[in-house]
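*Asks:* sequence first, then the predicted structure, then my questions.
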Amino acid sequence: MQNYLPGIRPCSIVYLLLILLSVLTWSVGVMGLDGLTVILLVLGFSLLKGYFIGEYYMGLKRVSSAWRYVIPVWLLVTGSLICVAFYLSSGG
(Lines give C-alpha, C1' and ligand atoms only; values in the text may rest on other atoms or scores of the structure.)
Protein backbone atom coordinates (compact mmCIF):
# COMPACT_ATOMS: atom_id res chain seq x y z
CA MET A 1 0.00 0.00 0.00
CA GLN A 2 1.54 3.28 -1.06
CA ASN A 3 1.47 6.05 1.48
CA TYR A 4 -0.39 9.00 -0.06
CA LEU A 5 -0.95 10.72 3.26
CA PRO A 6 2.23 12.28 4.61
CA GLY A 7 2.91 11.52 8.25
CA ILE A 8 0.53 8.54 8.41
CA ARG A 9 2.10 5.09 8.34
CA PRO A 10 0.54 2.39 6.14
CA CYS A 11 -0.13 0.20 9.21
CA SER A 12 -2.26 2.98 10.68
CA ILE A 13 -4.35 3.11 7.50
CA VAL A 14 -4.70 -0.68 7.56
CA TYR A 15 -5.70 -0.52 11.24
CA LEU A 16 -8.45 1.98 10.42
CA LEU A 17 -9.59 -0.24 7.54
CA LEU A 18 -9.73 -3.25 9.89
CA ILE A 19 -11.85 -1.25 12.32
CA LEU A 20 -14.17 -0.17 9.51
CA LEU A 21 -14.62 -3.75 8.27
CA SER A 22 -15.28 -4.92 11.85
CA VAL A 23 -17.92 -2.22 12.36
CA LEU A 24 -19.56 -3.18 9.05
CA THR A 25 -19.63 -6.85 10.09
CA TRP A 26 -21.08 -5.93 13.48
CA SER A 27 -23.74 -3.72 11.90
CA VAL A 28 -24.84 -6.54 9.58
CA GLY A 29 -25.35 -8.70 12.67
CA VAL A 30 -27.21 -6.02 14.59
CA MET A 31 -29.53 -5.30 11.68
CA GLY A 32 -30.32 -9.01 11.40
CA LEU A 33 -29.58 -9.20 7.69
CA ASP A 34 -29.47 -12.67 6.21
CA GLY A 35 -29.27 -14.43 2.91
CA LEU A 36 -26.50 -15.95 0.88
CA THR A 37 -25.26 -12.61 -0.49
CA VAL A 38 -24.93 -11.08 2.97
CA ILE A 39 -23.18 -14.18 4.31
CA LEU A 40 -20.69 -14.14 1.46
CA LEU A 41 -20.12 -10.41 1.92
CA VAL A 42 -19.32 -10.89 5.62
CA LEU A 43 -17.06 -13.81 4.72
CA GLY A 44 -15.30 -11.57 2.20
CA PHE A 45 -14.78 -8.96 4.93
CA SER A 46 -13.23 -11.63 7.15
CA LEU A 47 -10.92 -12.89 4.43
CA LEU A 48 -9.83 -9.36 3.57
CA LYS A 49 -9.09 -8.67 7.23
CA GLY A 50 -7.04 -11.87 7.43
CA TYR A 51 -5.07 -10.84 4.36
CA PHE A 52 -4.25 -7.40 5.75
CA ILE A 53 -3.23 -8.85 9.11
CA GLY A 54 -0.90 -11.31 7.37
CA GLU A 55 0.62 -8.70 5.10
CA TYR A 56 1.07 -5.80 7.49
CA TYR A 57 1.05 -7.10 11.06
CA MET A 58 2.73 -10.47 10.59
CA GLY A 59 5.31 -8.83 8.34
CA LEU A 60 4.76 -11.09 5.34
CA LYS A 61 4.77 -8.13 3.00
CA ARG A 62 8.55 -7.88 3.28
CA VAL A 63 9.25 -11.62 2.91
CA SER A 64 10.42 -12.64 -0.55
CA SER A 65 10.11 -16.42 -0.26
CA ALA A 66 7.20 -18.80 -0.47
CA TRP A 67 6.26 -17.94 3.14
CA ARG A 68 4.62 -14.78 1.85
CA TYR A 69 1.95 -16.82 0.09
CA VAL A 70 1.04 -19.16 2.97
CA ILE A 71 -1.64 -16.91 4.49
CA PRO A 72 -3.27 -15.81 1.17
CA VAL A 73 -3.39 -19.41 -0.11
CA TRP A 74 -4.83 -20.63 3.19
CA LEU A 75 -7.45 -17.87 3.12
CA LEU A 76 -8.30 -18.66 -0.50
CA VAL A 77 -8.70 -22.40 0.15
CA THR A 78 -10.74 -22.09 3.34
CA GLY A 79 -12.80 -19.20 1.96
CA SER A 80 -13.58 -21.17 -1.20
CA LEU A 81 -14.63 -24.24 0.77
CA ILE A 82 -16.87 -22.15 3.01
CA CYS A 83 -18.42 -20.46 -0.05
CA VAL A 84 -19.12 -23.83 -1.66
CA ALA A 85 -20.65 -25.16 1.56
CA PHE A 86 -22.97 -22.15 1.91
CA TYR A 87 -23.89 -22.28 -1.77
CA LEU A 88 -24.74 -25.99 -1.62
CA SER A 89 -26.70 -25.62 1.63
CA SER A 90 -28.79 -22.83 0.12
CA GLY A 91 -30.06 -25.20 -2.56
CA GLY A 92 -27.81 -23.91 -5.35
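*Replies:* On my side now, so go ahead.

*Asks:* where does the chain dip in pLDDT?
*Replies:* Within the chain, the set of residues satisfying pLDDT under 70 comprises 1-4, 92.

*Asks:* what ranges do the helices span in it?
*Replies:* With helices called from DSSP state H, the chain shows them at 10-31, 36-52, 70-89.

*Asks:* in the first one, what's buried?
*Replies:* The one in question is helix 10-31. Of the residues in helix 10-31, those scored as buried under the neighbour-count criterion (16 or more other C-beta atoms under 10 Å) are 13-14, 18, 21, 25, 28. Placement of C-beta: from N, CA and C, glycine included.

*Asks:* equivalent analysis for the second one, please.
*Replies:* For helix 36-52, a neighbour-count test (16+ other C-beta under 10 Å) marks 39, 42-43, 45-47, 49-52 as buried.

*Asks:* in JSON lines: these, plus distance to Gly79.
*Replies:* Compiled in JSON lines, the buried residues of helix 36-52 are given as follows (distance: C-beta to C-beta, whole Å):
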{"residue": "Ile39", "distance to Gly79": "12"}
{"residue": "Val42", "distance to Gly79": "12"}
{"residue": "Leu43", "distance to Gly79": "6"}
{"residue": "Phe45", "distance to Gly79": "11"}
{"residue": "Ser46", "distance to Gly79": "8"}
{"residue": "Leu47", "distance to Gly79": "5"}
{"residue": "Lys49", "distance to Gly79": "12"}
{"residue": "Gly50", "distance to Gly79": "9"}
{"residue": "Tyr51", "distance to Gly79": "10"}
{"residue": "Phe52", "distance to Gly79": "14"}
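
*Asks:* returning to that earlier point: ok, which of the helices of the chain comes nearest Met58?
*Replies:* helix 70-89 (7.1 Å; C-beta to C-beta).

*Asks:* distance to Val63 for the helices of the chain - can I get that in TSV?
*Replies:* Rendered in TSV, the data for the helices of the chain read as follows (distance: least, C-beta to C-beta, whole Å):
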stretch	distance to Val63
helix 10-31	16
helix 36-52	14
helix 70-89	9
